[in-house]
Structures are given as structure tokens and as C-alpha cells.
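Participant: Coordinates for the following, if possible.
(one chain, ligands or ions: 1)
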Amino acid sequence: MKLCRFSTDFNERPTATAGPQIHYGALEGKAIHVLEGDPFGAHAVTDAWHNVDQVRLLPPSVPSKIVCVGRNYLEHARELQNEVPAEPLIFLKPPSAAITSGYDIVYPPQSQRVDHEGEIGVVIGRRCRRLGAGEDVTPYILGYTCVNDITARDLQKKDGQWTRAKGFDTFCSFGPVIASDADPARLEVRASVNGELRQRGDVSQMIFSIDVVVRFISQVMTLEPGDLIATGTPAGIGPMQPGDTVEVAIEGIGVLRNTVVAV
Ligand code: MG
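Facilitator: Numbering: from 1, shown residues only. Next up, the predicted model:
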């Protein structure tokens with residue numbers, strides 16, 4: 001199933017969490033079938049539906065936190081002259097940064113270098129903490145999604161820690177859907193700017209696999225339903241300018257498309 005969230009109010013803020021106009025849905029072609037309940041608990045597909053072009057898609061979950069993995073692809077670690085980490089290197093983005101396909105990425109005046117980072121995203125379906133060393137993570141995963149871990153590269157270098165560089169409003173685009181039936185062994189992410197392919201990477205190239213990453217994070221913090229894990233970006237990161245359109249695509253999930261605008 002391709003799970004999404006949407007609002008019938010076209011002016012909805014991307015970080016809106018709930019309201020009578022906000023629903024979960026199952027996307028099939030152009031039709032969004034409205035869910036009763038939410039995908040983290042008891043739910044059912046109803047007869048009600050909307051055309052996807054006539055509603056406002058929202059980020060497909062409401063994460064309590066967004067946990068990202070840095071330097072999880074060898075070639076990307078090398079392109080920024082970084083050491084390859086001995087264990088997963090994790091950091092957080094604030095939920096206030098969340099947008100999805102169709103919203104603008106706002107280029108902040110504090111930065112002169114804003115990069116795209118196309119990534120494979122994991123959305124947690126069931127609360128978990130301290131998963132065992134060989135424990136199967138699949139019961140805790142709702143599905144997979146596209147992520148753009150937008151980064152003010154100059155501020156990342158300048159600050160030494162990454163909160164500002166990674167945390168601006170609109171700097172975490174994910175969606176447009178969560179594919180609950182995607183095969184995690186076959187995911188490949190591609191990122192392009194103005195139609196030109198910039199990044200391409202698949203799960204086989206990750207230094208730490210998705211299950212290792214989920215278990216590792218669960219040793220540190222309780223993962224809640226809706227939490228998003230961005231599993232790291234492959235080589236080919238690069239700058240975006242106001243006016244650019246950036247796409248992150250994963251076959252079987254969809255295309256996450258955003259345009260960059262000046263403040
Ligand atoms: Mg990243």
C-alpha cells in the first residue's frame with residue numbers, strides 16, 4: 001500500500017498535525033482512498049476518495065523526531081574528505097523542518113551553499129527500544145519513503161555541529177508516500193536537479209544496512225510510530241539555487257519534487 005496524508009485545505013501548513021480536514025489515505029494512481037483511523041493502529045480503507053491533484057499532500061507521517069545517518073556511503077564520505085565511521089554516525093533534524101512533494105524549499109539568507117541529499121527513508125510503525133543484536137526489525141517498520149536531507153554545507157563546516165545546517169524550516173522533504181510493501185533489499189534512490197541526474201545509490205552500497213541502523217538507534221532512543229530515519233546519502237551531493245527543481249525518486253515509491261525559492 002502507498003500511504004499518504006493530505007488536507008482538503010490547499011493552504012495547509014506542512015507541519016500541521018491534525019484537524020477535520022486532514023486524513024490518511026491510500027494512493028492508487030490518481031485516486032487517494034480515505035483511511036478511517038491511521039496506519040499505526042486499526043484502520044480501514046473507506047469508499048471515500050479524492051483526486052490527488054485536488055488536495056494538498058502533507059508529509060506522510062508526523063514524526064516525533066527525524067533521525068539521520070551521516071556518511072553511510074563510502075563514496076560520499078570520500079567526496080567530503082571525511083573518515084569512514086566505525087559505527088553509525090547519527091544526528092537529528094527537527095520535525096519543524098518537514099515538508100513533502102509540492103512545497104517550496106526556502107533558501108535561508110544565512111547560507112551561500114545549500115545542498116540536496118537524496119536518501120532512502122524508513123518510517124517506524126511500532127514503538128521500539130533496545131532491539132536485540134540480531135532481532136528482526138521488520139515488525140517495527142511501517143514502510144519506506146524518499147527523503148531530501150537538505151543541508152547548508154557552509155554552516156555545517158562553520159558550526160562544527162549540525163543543528164543549524166540541517167534544521168532550517170523546509171529542510172526535510174519526505175514522501176510523497178510511505179510504501180508499506182516495498183522490498184528493502186532492492187531500494188535504489190536517485191536525485192536530480194532540473195532533470196539532470198546527480199545522485200544514485202542503493203542499499204547494497206550502504207556501510208551500515210537498514211536493520212543495523214534501526215537497531216543501533218533503538219539502543220539510544222525510543223523510536224515512536226511515525227518517526228523518520230534518513231539512512232544516508234550516496235555520492236554526488238551538490239548545490240541548489242533558487243529556481244531549481246529537485247527530485248528524489250525511488251522506484252516503487254514515487255517522486256519527491258520540490259522547487260527552491262529565495263526567502
Ligand atoms: Mg544526509
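Participant: burial measure for the closest residue to P109 other than its chain neighbours, as a count.
Facilitator: Leaving aside its chain neighbours, P109 sits nearest to V263 (5.7 Å; criterion: Cβ to Cβ, 6 or more residues apart in numbering). C-beta coordinates here come from the backbone N, C-alpha and C atoms, glycine included. Residues within reach of V263, counting by other Cβ atoms under 10 Å, total 8.
Participant: so who does V263 touch?
Facilitator: Contact partners of V263, counting by Cβ atoms under 8 Å, 6 or more residues apart in numbering, are 106-109.
Participant: What distance do you get for it to I253?
Facilitator: Distance from V263 to I253, counting by Cβ to Cβ, to the nearest Å: 30 Å.
Participant: The stretch 1-150 of the chain against the ion: which residues are in contact?
Facilitator: Counting by Cβ under 5 Å from the ion, the stretch 1-150 of the chain comes close to the ion at 117, 149.
Participant: can you pull out the strands in the stretch 1-150 of the chain?
Facilitator: Assigned by DSSP state E, counting those that start in this stretch, the stretch 1-150 of the chain shows strands spanning 2-7, 22-28, 31-37, 43-51, 56-58, 66-70, 89-93, 98-99, 104-107, 114-116, 118-124, 141-149.
Participant: hmm, back to that, among the contacts of V263, which one lies nearest to E83?
Facilitator: Closest approach between the contacts of V263 and E83, by Cβ to Cβ: P108, at 28.3 Å.
Participant: ok, for that closest one, nearest residue in space, not its chain neighbours?
Facilitator: Of all residues not flanking P108 in the chain, F168 sits nearest, at 5.0 Å (Cβ to Cβ, 6+ apart).
Participant: okay, how far is it across stretch 176-189, tip to tip?
Facilitator: One end of stretch 176-189 sits 14 Å from the other (Cα to Cα, to the nearest Å).
Participant: Does the ion have contacts with it?
Facilitator: No - Stretch 176-189 does not reach the ion (Cβ under 5 Å from the ion); its nearest approach is 11.2 Å.
Participant: what comes up buried for that stretch?
Facilitator: By neighbour count with 16 or more other Cβ atoms under 10 Å, stretch 176-189 contains the buried residues 176-180, 182, 184, 187-189.
Participant: what's the answer for stretch 209-221, then?
Facilitator: Residues of stretch 209-221 classed as buried by neighbour count (16+ other Cβ under 10 Å): 209-218.
Participant: Not counting sequence-adjacent ones, nearest residue to the residue of the stretch 101-250 of the chain at minimum distance from the ion?
Facilitator: Proximity of the stretch 101-250 of the chain to the ion (Cβ to the ion) peaks at D149, 3.5 Å away. Once flanking residues are discounted, D149 sits nearest to E117: 4.0 Å by Cβ to Cβ, 6+ apart.
Participant: Tell me how many other residues surround that neighbour.
Facilitator: If you count neighbours by other Cβ under 10 Å, E117 ends up with 26.
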